[in-house]
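Visitor: sequence unknown, structure follows:
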């Protein structure tokens, strides 16, 4: 079974902190994605990557950056966390023409 | 990018078939229709996908109209555990890969 693992299930950070959300997949997938999910807004794509060191902006990249130094790992970075970044963050991976597999999510609270 | 339209919510009686509709009128010829579901507090889970033909697996059936402008996901015998948000997605080809864009989905309530 494909496993997509997010480093934390719950996280509480202070405003202004630099936050790293880590995601690791074990199936050699080319594509990796970061979404955030908020009530009433569904899943919104933040960034995605289709290869090591490659990244593309999704629909809502502002306030975020990403890093993909190794194929299996895709990190989401909040340079200076703000309260409006309190959300559920979901990581996913896929091969080019197959379904995406999701992690369990990280619920981030910025206080 | 092709977009999808789904009803915000639906009810279904336990044991009956749940039929979830999706409109994707701007779909292009090489785009697949995918369905995912998300049970509360979990990440989305893949259900099924198709291009032109109807598809069936152990979880569900997917019926795609001949003009491909709409589709229906069928859960043949809904159970309480099928209560979830169901997302209909059209896969969009990005540069070198695919990006999966999710809409708001349909919240399905299966009632005893």
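Guide: Perfect, thanks for sending it. Treat the numbers as computed from the prediction; the structure is a model and nothing was measured.
Visitor: Now do the helices in chain A.
Guide: Here chain A has no helices by DSSP state H.
Visitor: At the geometric centre of it, which residue do we find?
Guide: For chain A, residue A:34 is the residue whose C-alpha lies nearest the centre (Cα atoms, centre = their mean; 3.1 Å).
Visitor: hang on, it packs against residue A:91?
Guide: Yes - under the criterion of Cβ atoms under 8 Å, residue A:34 makes contact with residue A:91 at 5.8 Å. In short, each C-beta sits where N, CA and C put it, glycine included.
Visitor: Find the residues that touch each one of these two.
Guide: Shared contacts of residue A:34 and residue A:91, defined by Cβ atoms under 8 Å, 6 or more residues apart in numbering or on different chains, comprise A:21, A:23, A:74, A:76.
Visitor: which pair in those spans the largest distance?
Guide: Pairwise distances across those peak at 9.4 Å for A:21 and A:74 (criterion: Cβ to Cβ).
Visitor: More neighbours: which of the two?
Guide: More neighbours surround residue A:74 than the other of residue A:21 and residue A:74, with 29 against 22 (other Cβ atoms under 10 Å in any protein chain shown).
Visitor: tell me the contacts of the closest residue to that one other than its chain neighbours?
Guide: Excluding its sequence neighbours, the residue lying closest to residue A:74 (Cβ to Cβ, 6 or more residues apart in numbering or on different chains) is residue A:32, at 3.8 Å. Listed by Cβ under 8 Å, 6+ apart, the contact partners of residue A:32 are A:23, A:25, A:48-49, A:68, A:74, A:91-93.
Visitor: dump the residue contacts of the nearest residue to residue B:39 once chain neighbours are set aside.
Guide: In this structure, residue B:39 finds its nearest non-sequential neighbour in residue B:84, 4.6 Å apart by Cβ to Cβ, 6+ apart. By Cβ under 8 Å, 6+ apart, residue B:84 lies in contact with B:37-40, B:107-108.
Visitor: Buried subset of the contacts of residue A:32 as a PyMOL selection?
Guide: Buried members of the contacts of residue A:32, defined by 16 or more other Cβ atoms under 10 Å in any protein chain shown, are picked up in PyMOL with:
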select buried, chain A and resi 23+25+48+49+68+74+91+92+93
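Visitor: could the contacts of residue A:32 go into a markdown table alongside pLDDT?
Guide: Listed next are those as a markdown table, based on pLDDT from 0 to 100:
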| residue | pLDDT |
| --- | --- |
| A:23 | 97 |
| A:25 | 96 |
| A:48 | 91 |
| A:49 | 92 |
| A:68 | 97 |
| A:74 | 97 |
| A:91 | 96 |
| A:92 | 92 |
| A:93 | 91 |
